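Participant: below is the sequence, then the predicted model.
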Amino acid sequence: MRSLYLFFVLALLVITQIVGVSLGASEELLFDYEEEELSQQWAVQGYIQVARGPLPEKISSEEVGVLGFGVMIQADKNSMFFTKQGIVPSDWRSYENLVLWIYRSPKEALQRKSSSFEVRVIESDKKTLFWRKLEVDHQGWKRFDLPLRWFGWGEGRIPRWDRVLRLVFFFRDPGEIWIDNITLVKGEGGTQISQRELSETAFPSKRPDDIRSLATNHVLLLSDSEDLDLEKLAGHFEEVAVQLKQEFSFLEESFLIGRLIVFANEIDYRSFPQRMAKRMNMFAGPAGSDSFTIHGVATSFYKNYNGGFRPVYTQSFALSLISNAAFLDNSGEWFLQGLATHYQVKFHPQDSLTAIISEGIQKKDYRLSLQRLCNGDPIPMNRSWQAMTVVEFLMNSPKYKGKFPALVRAFQDSGSTNLNPHLQNVLQANWQTLENDWIAYCKMAYIDR
């Protein structure tokens, strides 16, 4: 097996005089490769060759960034070209787009119909990232404007635009390209998806006047249903936010915002993840249950149940709220599902809950071991009661509640809600002790009261 190697071709020593075009005040040029030493700012990994040199073709001087020098990249599959630490700005929140020019030679276009790579923005702890797939199938030069707000998230913790470490080009396929003039463009909306864009993605066939919206301190509601009582629902969600803020006072309140879209039509609801993913140049399947969360946005659909005030709305909103505040992306695992169920039951009591919990702790076949439940993987829907009681137990029992904030921070730092690595370090417990304590809590809180 070939070993990985780093390969740089140093630039020509003679620098030619070129006519440049100044950028606007809203643009920040990161790299134009006119005078940079590649080895001081960039590194590579994998089977890849990188060289700074005169551009193979030039465009009119009215086009910024395609005169003078650029970088030629010959990359094999799974190789990377990335900036060294401290080279790019660390806070990208005021920027709207990442712009770059890419050139493909006639020979490359003939040899490969297309090739793809990912533009990645790595966060400072190197445990999470933003990314966007870029497929190139053109010949000559082409400008690419990549909206930062439509970058996808890496697995685990939600990445943050104010903690950027490096810019990465990860090559999915072999290919040869030139890159020039990498620029960040500022915009009023910055890295946040606007309400208008969210509405257009959710309801592409509707007129803007047909979409109802309501925003409060901690709530954004969008719906095309004429029957949904937005004011009542938003008021209820503010109560949920207040309760969550009390129980998670250690989180940053500025991120305590939940977004919920309620569709009048179930078909439109189920296809929304696909429309959302398309804008990110990703793939997603249709929503399978009565609620779905993608990119921190919760969704559901209208039913004339309980006056249109469905308990699943509370669960969905709570998922969006805690996910955004704790920077933990929803993947159907125990912690976020348990919290969402906790708030749903708190505001929509379930008569059969005590019987379900009682049967669950009495019969081992009716529950999962805590080691399996809390491993960070998606849990079955019929174990939501168990996830809820475990979360409540960790938040409220005298033995563990003082350690709960540290546990949440440990989840954030690791990018996973797998409890196993933190059992000893944070909770000072083993699985058997934790399970015994949890069962005792369930009896006290739900059965023997």
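Facilitator: Noted; the coordinates are in hand. Numbering: from 1, shown residues only.
Participant: quick one: contacts for residue 330?
Facilitator: With contacts defined as C-beta atoms under 8 Å, 6 or more residues apart in numbering, residue 330 is in contact with 293, 319, 323, 336. (C-beta placed from N, C-alpha, C; glycine too.)
Participant: and for residue 79?
Facilitator: By C-beta under 8 Å, 6+ apart, the neighbours of residue 79 are 44, 45, 46, 47, 48, 170, 171.
Participant: ok, which pair from the residues you listed is furthest apart?
Facilitator: Distance extremes for the contacts of residue 79: the farthest pair is 47 and 170 at 13.2 Å, using C-beta to C-beta.
Participant: ramachandran angles for residue 378?
Facilitator: Main-chain dihedrals, residue 378, degrees, to the nearest 10: phi -60, psi 140.
Participant: for residue 308, see how far away the closest residue to residue 78 other than its chain neighbours is.
Facilitator: The shortest distance from residue 78 to any non-neighbouring residue, by C-beta to C-beta, 6 or more residues apart in numbering, is to residue 46 (5.8 Å). Residue 46 sits 54 Å away from residue 308, going by C-beta to C-beta, to the nearest Å.
Participant: ok, of the contacts of residue 79, which one's closest to residue 328?
Facilitator: Residue 328 has its nearest neighbour among those in residue 170, at 24.2 Å by C-beta to C-beta.
Participant: hmm, back to that, buried ones among the contacts of residue 79?
Facilitator: Applying 16 or more other C-beta atoms under 10 Å to those, the neighbour count classes 44, 46, 47, 48, 170, 171 as buried.
Participant: return the closest of the residues you listed with respect to residue 102.
Facilitator: Nearest to residue 102, judged by C-beta to C-beta, of the buried ones among the contacts of residue 79 is residue 171 at 12.5 Å.
Participant: is the closest one bridged to anything, and to what?
Facilitator: Counting by DSSP bridges, residue 171 is bridged to residue 79, residue 117.
Participant: same question for residue 101.
Facilitator: With DSSP bridges as the rule, residue 101 is bridged to residue 143, residue 180.
Participant: and for it, the neighbour number?
Facilitator: Using other C-beta atoms under 10 Å, residue 101 has 22 other residues around it.
Participant: again, but for residue 339
Facilitator: 26.
Participant: next: residue 448.
Facilitator: When neighbours are defined as other C-beta under 10 Å, residue 448 has 8 of them.
Participant: over to residue 178?
Facilitator: With other C-beta under 10 Å as criterion, residue 178 counts 23.
Participant: poorly predicted segments of this structure, please.
Facilitator: For the chain, the stretches with pLDDT under 70 are 1-25, 60-65, 307.
Participant: all helices for it, in order.
Facilitator: 38-41, 106-111, 195-202, 230-247, 266-279, 311-326, 334-347, 353-362, 370-373, 384-396, 404-414, 431-442 (DSSP state H).
Participant: would you list the ones you listed in TSV and tack on distance to residue 182?
Facilitator: Shown next, in TSV, are the helices of the chain (distance: least, C-beta to C-beta, whole Å):
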stretch	distance to residue 182
helix 38-41	11
helix 106-111	20
helix 195-202	24
helix 230-247	40
helix 266-279	22
helix 311-326	29
helix 334-347	36
helix 353-362	55
helix 370-373	45
helix 384-396	44
helix 404-414	30
helix 431-442	49
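Participant: list the buried residues for stretch 430-441?
Facilitator: 434, 435, 437, 438, 439, 441.
Participant: what of stretch 234-249?
Facilitator: Within stretch 234-249, the residues that count as buried by 16+ other C-beta under 10 Å are 234, 236, 237, 240, 241, 244, 247, 248.
Participant: name the nearest of those relative to residue 358.
Facilitator: Closest approach between these and residue 358, by C-beta to C-beta: residue 247, at 24.9 Å.
Participant: look up how far residue 160 lies from that closest one.
Facilitator: Plainly put, residue 247 is 23 Å away from residue 160 if you go by C-beta to C-beta.
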